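Take a look and give me a structure for this.
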Amino acid sequence: MTQTPGFADLAAPALPTGFVHPRIRRGRGAVENLPGRYEREIRAPAPDLDEGLPEEEPLAPLRTQVHAYRDREVLTKVDSPDLPFDRSLNPYRGCEHGCVYCYARPTHAYLGLSPGLDFETEIFAKQDAAERLAESFRRPGYRPAPIAIGTVTDPYQPVERDLNLMRPILKLLLETRHPAMIVTKSASVLRDLDLLAQMARLELVSVGISATTLDHKLARAMEPRASTPQRRLAAMAALSAAGVPTTIMAAPIVMGLNDHELEGILKAAAGAGARSAHYQPLRLPGETRAVFDAWLDEKLPERAARVKRAVAEMEEQGFGERFKGKGVAAQLLAQRFALAMRRHKFGGRPALRTDLFRRPLRRGDQISFFDRL
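Alright, predicted model coming up:
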């Protein structure tokens, strides 16, 4: 792992800007490495890199590079009328899942990196996240409220199998009796089922499982390194069986691509024990639109124009409306969702307790018997 104390110390990756040969990006989501909006220079591929290559010539696939770094604050303040929480924590920047629609892609432009393939291959890990979180909890003015984990990038993306950042975070949350809401599209969340079950018994945790489609082939194209839809549903069933409240997040809904699956996703999740449900139409902020459009043009050229038009007609960017969409299509989608909610008897998001919170101890602190009961 590259040790990177700050983003400014990161050297530009070797991957050029622009189109990248399919054999190099095999297993990735984006089809190119478009420049970020702040770039003054563009790294162009050599003329013979992507053109006229003999099919038998071997090409090394892209490798994920992980950089350790420290953030000033591990907790991010959230001030948005669209979201039901006021603080979030993301152990990673960048996401190896490679979802072509990911709204977090533009954040890599702030690092001088591409929101395209760089976002999937240049991953930043907050290795000291648990320690920094404990520091936040010890502050005299800190007041507990549910922390949303994984709202930007997935905390259980593939590199988590080796880095194991989430487990010490969960141990701290359990020790301090602090509530958290976790969002993931990875079955790897089951690695921490023992801790999640203990937190659930104290009404401290809920887990949202995101599902875009039940079509294995479409999922592999849109979310190449995420768990298959079937494995996500199996993970939801295992969490539910252990008493962990789960939410199905049918997101994003892409008009003309997967909108017909809304009812099927909710039905499958109800069968897996989901207690609540949520949906979200696709929105494409910043460079995400260019990444998604290029993917559509290459993977689904016969449907690309229709999907782009449907997405544009429904997309809403205003605060308070961004996750609802606009127009007749959005209204019909909302009605379908409401009907499915009633059919499967989904409830609201589970309320999490904040009254059990206790500040973490420092080495040498006096332990109170009554505080630790």
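
Mind jotting down where the strands sit in the stretch 151-300 of the chain?
Using DSSP state E, counting those that start in this stretch, the strands found in the stretch 151-300 of the chain span residues 180-184, 205-211, 246-253, 276-281.

how about a markdown table for these, with distance to Ala219, mean neighbour count and mean pLDDT added?
In short, each C-beta sits where N, CA and C put it, glycine included. Below are the strands of the stretch 151-300 of the chain laid out as a markdown table (distance: least, CB to CB, whole Å; neighbours: other CB atoms under 10 Å; pLDDT from 0 to 100):
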| stretch | distance to Ala219 | mean neighbour count | mean pLDDT |
| --- | --- | --- | --- |
| strand 180-184 | 15 | 25 | 98 |
| strand 205-211 | 9 | 25 | 98 |
| strand 246-253 | 13 | 24 | 97 |
| strand 276-281 | 17 | 21 | 95 |
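
could you redo the ones you listed as CSV and give each row distance to Glu298?
Rendered in CSV, the data for the strands of the stretch 151-300 of the chain read as follows (distance: least, CB to CB, whole Å):
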stretch, distance to Glu298
strand 180-184, 28
strand 205-211, 24
strand 246-253, 19
strand 276-281, 23
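
With respect to Tyr101, which of those strands lies nearest?
Each of those was checked against Tyr101 via CB to CB, and the shortest separation belongs to strand 246-253, namely 5.5 Å.

which helices and strands does the closest one pack with?
strand 205-211, helix 229-241, helix 262-271, strand 276-281 (3 or more CB pairs under 8 Å, 6 or more residues apart in numbering; DSSP states H and E).

In the second one, which residues are buried?
Judged by neighbour count using 16 or more other CB atoms under 10 Å, the buried positions of helix 229-241 are 229, 232-233, 235-240.

what's the answer for stretch 187-207, then?
Using 16+ other CB under 10 Å as the test for burial, stretch 187-207 gives 187-193, 195-196, 198-200, 203-207.

what do you get for stretch 21-34?
Of the residues in stretch 21-34, 24-25, 28-34 count as buried by neighbour count, 16+ other CB under 10 Å.

Out of those, which comes closest to Arg303?
Distances from Arg303 to the buried residues of stretch 21-34, taken by CB to CB, are shortest for Val31, at 15.7 Å.

I'd guessed Ala242 sits against Leu196; true?
Yes. Contact between Ala242 and Leu196 holds when scored by CB atoms under 8 Å: they sit 7.2 Å apart.

surely Tyr156 meets Thr184?
Yes. Applying CB under 8 Å as the test, Tyr156 and Thr184 come out as touching, 4.7 Å apart.

so what's in contact with these two at the same time?
Where contact means CB atoms under 8 Å, 6 or more residues apart in numbering, the residues bridging Tyr156 and Thr184 through contact with each are Gly150.

Kindly indicate which of the buried residues of stretch 21-34 lies nearest Leu173.
Top of the list for closeness to Leu173, among those and by CB to CB, is Gly29 at 30.7 Å.

Now do the SS call for that closest one.
Recorded secondary structure, Gly29: coil (DSSP: H, G, I helix; E, B strand; the rest coil).

how far away is it from Glu120?
Taken as CB to CB, to the nearest Å, the spacing of Gly29 relative to Glu120 amounts to 6 Å.

How about Phe292?
Taking CB to CB as the criterion, Phe292 is separated from Glu120 by 14 Å.

which of those two has more neighbours?
Per other CB atoms under 10 Å, whichever of Phe292 and Glu120 has more neighbours is Glu120, with 30 against 25.

Can you verify the more buried one is assigned to a helix?
Yes. Going by three-state DSSP, the assignment for Glu120 places it inside a helix.

Tell me the spacing between it and Asp192.
As it turns out, when the distance is counted by CB to CB, Glu120 lies 24 Å from Asp192.

Tell me where the stretch 1-150 of the chain is predicted with low confidence.
Residues of the stretch 1-150 of the chain that meet the criterion pLDDT under 70 lie in 1-18, 39-59.

From the rest of the structure, what touches the lengthiest helix in the chain?
If you go by DSSP state H, the chain has its longest helix at helix 327-343. Residues from elsewhere that reach helix 327-343 (CB under 8 Å, 6+ apart): 250, 253, 255, 259, 262-263, 266-267, 277, 279, 281, 310, 313-314, 316, 324-325.

Mind doing that once more with 10 Å?
Surrounding helix 327-343, the residues in contact under the criterion CB atoms under 10 Å, 6 or more residues apart in numbering are 250, 253, 255-256, 259-260, 262-267, 270, 276-279, 281, 310-311, 313-316, 321, 324-325, 346-348.
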